[in-house]
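**Student:** Structure for this input, please:
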Amino acid sequence: MRTSDAMSEADFRSLHRRLRDKAPGGRAGRGALETITGTQVLAAVREVRSGRAVSLAAPVNTRIAPDDADPAEHRLTAPASGHPRARGLDFARDRFAMNIHGDVDSHLDALCHVIYDGTLHGGLPAADVLSPDGADALSVDLARDGIVGRGVLLDIPRLHGVPWLEPGSHVTADDLAAAEAEQGLRVGRGDILLVRVGHRLRREELGPWDVSGARAGLHPGAMEFVAEREVSVLGSDGNNDTAPSAVREVGFPVHVLAVHAMGLPLLDYLRFEDLAPVCAREGRWTFLCVIAPLLLPSATGSPVNPLAIL
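**Tutor:** Below you'll find the predicted structure:
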């Protein structure tokens, strides 16, 4: 865990090329989701012992906050004025709308979400894929049948004996390896890797803050660890990226490396405060993980409520 470790743009671009060229899912198609096989899903099912299911999502935010100027909108549309009929049948109805890629709500980033040098994952020209109607390729539709596999939670604040990492802290490859060793596991091919930085707990205890200026996340160099282990999905209770960015010229380097170079879907702003204590108490940090995005065929992402089943 470090608070400053700058990377030059040249070094970042070199890292981008290395990760792109050895991406396990290739440079197109379903990307890193290709690393999950039927055999691995069956093995993940054997992680279930008690049958307990734990949500990894945060409640959807509907109030303006320092980290959410455009919160989700949810309102009752019927009965009119909130007054039901005194007799006979009536229905309560509501409407919901949200900015999928906000800084509070739990969501999945599709492979069409990150544009770098005018291209998407696999070198596809973004202008040829994206339109006001959505994305013609690499959309969240790649995960239309859900993502099911072995989930692995690496708890970085626990490793350092703190409740959360302070905003601006970087999670390094050494942190990931140390947490892996301390928790007695090894991240492997096809795993759904979840990295806790404590962002959600800090928000709940101290209140929201402007995360565009300061938040804990992964250092770009940590993506070498992720690439080596060939995981299928990367998620965090923060944005995955640190702010300020370690690469001055690139605001979200982990997003660029994961989504654009590696074809690795990201889960942003999850919540691990129910799961982590269970894992610590039971002494196991792996579980069956089920992620079911909405069927939005041309969307760049989706709200999600991932489940850990222990």
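
**Student:** and the residue positioned nearest the centre of the chain, bridged to which residues?
**Tutor:** Taking Cα atoms, centre = their mean, the centroid of the chain lies closest to Leu267, which sits 1.3 Å from it. Taking DSSP bridges, one finds Leu108, Gly235 as the beta-bridge partners of Leu267.

**Student:** Would you agree it is in contact with Ser232?
**Tutor:** No. Leu267 is not in contact with Ser232 according to Cβ atoms under 8 Å; the separation is 11.2 Å. (Each C-beta comes from the backbone N, C-alpha and C, glycine too.)

**Student:** neighbours around Asp268, how many?
**Tutor:** Asp268 sits with 26 neighbouring residues when counted by other Cβ atoms under 10 Å.

**Student:** SS state for the closest residue in space to it that isn't next to it in sequence?
**Tutor:** Closest residue to Asp268 in three dimensions, ignoring its sequence neighbours and counting by Cβ to Cβ, 6 or more residues apart in numbering: Asn239, at 5.3 Å. With DSSP: H, G, I helix; E, B strand; the rest coil as the basis, the three-state label of Asn239 is coil.

**Student:** Look at Asn239 and report its pLDDT.
**Tutor:** Note for Asn239: predicted pLDDT of 96.

**Student:** show me the contacts for it.
**Tutor:** When the contact criterion is Cβ atoms under 8 Å, 6 or more residues apart in numbering, the partners of Asn239 are Asp103, His199, Val211, Arg215, Gly217, Phe252, Asp268, Tyr269.

**Student:** Now with 6 Å, please.
**Tutor:** By Cβ atoms under 6 Å, 6 or more residues apart in numbering, the contact set of Asn239 is Arg215, Gly217, Asp268.

**Student:** Next: Ala299.
**Tutor:** Ala299 makes contacts with Ser139, Val140, as judged by Cβ under 6 Å, 6+ apart.

**Student:** gap between it and Ala137?
**Tutor:** With the distance defined as Cβ to Cβ, to the nearest Å, Ala299 ends up 12 Å from Ala137.

**Student:** same check, this time on Leu42
**Tutor:** Computed with Cβ to Cβ, the distance linking Leu42 and Ala137 is 30 Å.

**Student:** Please say which of those two ends up with more neighbours.
**Tutor:** Ala137 (17 against 9).

**Student:** surely that one meets Val129?
**Tutor:** Yes. The pair Ala137 and Val129 passes the contact test of Cβ atoms under 6 Å, sitting 5.0 Å apart.
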